[in-house]
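Undergrad: Fold the following, please.
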Amino acid sequence: MSKPTLQDVAARAGVSMATVDRVLHARDGVSERSRRNVAEAVRALGFGRLDGIEVSKERDSLRFAFLLPEFATGSGFAKAMHAAVEGSPASVLDVDVLPEVHELPTGDGHAVAAVLDSLDPREVDGAAVFAVDTPGVRQAINAAVDRGIPVVTLVTDIQGSRRQRYVGVDNLSAGRVAGTLLGRFAGERRGPVALVTGPRRQRDQLERQLGFEQVIEERFPGLEVLPVVQGDARGDVNRELAIKLLEHHEDLVGIYSLAAGNASLLEGLDEGMAASGAGRRQPLFIAHELSPAMRAGLLDGRVDAVLAQSVDHIARSAVRVLRACSTNADIVDSQEHIRIDVYFADNLP
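TA: Okay, the predicted model is just below:
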């Protein structure tokens, strides 16, 4: 018997190929009836392979643990990740996916390691980890893999571990994109640019910093990258950092924020610019993640560009990869590539 195809699914479900594609990728614009029909067609044709998606009747459900920063005190990005995980089971049709979220203090590697060590392979089929890069976390990932629990890292990688896959953007490239944007926006301006980070144990921020510094050094000699300033999304830390940057650097050309806490940075910039008086030029501002504050900043001109990654795509990809690892199926690399989105005031979704 030949392997089923997407055309077979579309014919059996009584829908178009475009509808099948939307359902398989959990996109909008499909009725619940059509989703059910496609899901039933996939199950009915569940023999062998379906265009890179392993279809099997051997498992009725899979339970995946998601280790995420705690919702209540997390950043807007962390909260968006929680919502994305809730909707992630829609990315798999032929088996019920049960996501189990563990909320952990941001930056607490010990807490992450403790949860990983507690996972039982008889109860959990895989784990997705959003955590800082510390030896304890790497060892806990390796131990989980040794116990038969596949692990993927989310947003920031834990290199040196035996995780099955990293799910997120290429952060070195993201930093280079930010450097290119800031350098080009600066034009003929000369002077310092500031980098504001969060916890320094997150590899995504270290890679963004490296990429940014590479581009500025290679292509924009009129700009000087200041020593990195470590911020914090909680409290008024970032607001005060922005005020001090303006006080200490009258010729500040721009700020690149590599982490969360951008709303507070903008508040500090507003206060600092108001205290500086008329005539001072607004520093360029480039940040990550399209939060409500960044959206408003793009629209009113205080933010020049925002780099983002789809949390929905990340969560769906994690589910598909863990499912493949749990059932010895192939991973479709093109489907799991997380792209870098760049937003300006002109192309806001």
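Undergrad: Now do the helix or strand that Ala274 is a member of: which elements does it pack against?
TA: Under the criterion of DSSP states H and E, Ala274 resides in helix 262-276. For helix 262-276, the packing partners by 3 or more C-beta pairs under 8 Å, 6 or more residues apart in numbering; DSSP states H and E come out as helix 237-248, strand 254-257, strand 284-288, helix 292-300. (C-beta placed from N, C-alpha, C; glycine too.)
Undergrad: Provide a list of residues in contact with the residue nearest the centre of the chain.
TA: By C-alpha atoms, centre = their mean, the chain has its centre lying nearest to Val155, at 4.2 Å. By C-beta atoms under 8 Å, 6 or more residues apart in numbering, the residues touching Val155 are Met81, Phe130, Val167, Gly168, Asp204, Gln309, Ile314.
Undergrad: Could you do Glu289 as well?
TA: Ser75, Gly76, Phe77, Ala80, Ala260, Asn262, Val306, Leu307, Ala308, Gln309.
Undergrad: Asp94 versus that one, what's the distance?
TA: Distance from Glu289 to Asp94, counting by C-beta to C-beta, to the nearest Å: 33 Å.
Undergrad: What are the boundaries of the helices in the stretch 1-150 of the chain?
TA: For the stretch 1-150 of the chain, applying DSSP state H, counting those that start in this stretch gives helices covering 6-13, 17-24, 32-44, 76-87, 109-118, 135-146.
Undergrad: low-confidence ranges in the protein?
TA: Applying pLDDT under 70 to the chain picks out residues 1-4, 25-27, 45-59, 71-75, 199-200.
Undergrad: So what's the residue count around the nearest residue to Glu247 once chain neighbours are set aside?
TA: Nearest residue to Glu247, sequence neighbours excluded (C-beta to C-beta, 6 or more residues apart in numbering): Gly272, at 6.9 Å. Neighbour count of Gly272, defined by other C-beta atoms under 10 Å: 20.
Undergrad: hang on, Gly272 packs against Arg239?
TA: No - using C-beta atoms under 8 Å, Gly272 is not in contact with Arg239; the gap is 9.3 Å.
Undergrad: Show the contacting residues for Ser61.
TA: Listed by C-beta under 8 Å, 6+ apart, the contact partners of Ser61 are Val95, Asp96, Val97, Leu98.
Undergrad: For the third one, give its distance to Glu86.
TA: In this structure, Val97 and Glu86 are separated by 11 Å, where distance is defined by C-beta to C-beta.
Undergrad: The two: which has the busier surroundings?
TA: Val97 (20 against 13).
Undergrad: surely the more buried one meets Ala65?
TA: No - here Val97 does not reach Ala65: they are 11.8 Å apart, not a contact under C-beta under 8 Å.
Undergrad: re earlier: out of the contacts of Glu289, which is nearest to Leu226?
TA: The shortest approach to Leu226 among the contacts of Glu289 belongs to Asn262, at 18.0 Å (C-beta to C-beta).
Undergrad: what number of residues lie near the closest one?
TA: Per other C-beta under 10 Å, the neighbour tally for Asn262 reads 27.
Undergrad: Tell me if I'm right that it and Met294 touch.
TA: Yes - using C-beta under 8 Å, Asn262 makes contact with Met294 at a distance of 5.8 Å.
Undergrad: hey, what's in contact with both of these two?
TA: Common neighbours of Asn262 and Met294 (C-beta under 8 Å, 6+ apart) are Ala287.
Undergrad: Pull the most distant pair out of the contacts of Val155.
TA: Spatially, the most separated pair among the contacts of Val155 is Met81 and Asp204, at 13.3 Å (C-beta to C-beta).
Undergrad: And Asp96, how far from Ser61?
TA: Distance from Asp96 to Ser61, by C-beta to C-beta: 4 Å.
Undergrad: Next: Ala78.
TA: To Ser61, Ala78 is 27 Å away according to C-beta to C-beta.
Undergrad: ok, back up a step: got the contacts of Glu289 as CSV, with distance to Gly198 columns?
TA: Output for these, formatted as CSV (distance: C-beta to C-beta, whole Å):
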residue, distance to Gly198
Ser75, 9
Gly76, 13
Phe77, 11
Ala80, 16
Ala260, 6
Asn262, 11
Val306, 16
Leu307, 15
Ala308, 16
Gln309, 16
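Undergrad: And the buried ones among those, selectable in PyMOL?
TA: Command for PyMOL that selects the buried part of the contacts of Glu289, burial taken from 16 or more other C-beta atoms under 10 Å:
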select buried, resi 75+76+77+80+260+262+306+307+308+309
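Undergrad: Now flag whichever of the contacts of Glu289 is closest to Asp28.
TA: Nearest to Asp28 out of the contacts of Glu289 is Ala80 (C-beta to C-beta; 16.6 Å).
Undergrad: Please report how far that closest one lies from Ala41.
TA: Using C-beta to C-beta, we find Ala80 at a distance of 32 Å from Ala41.
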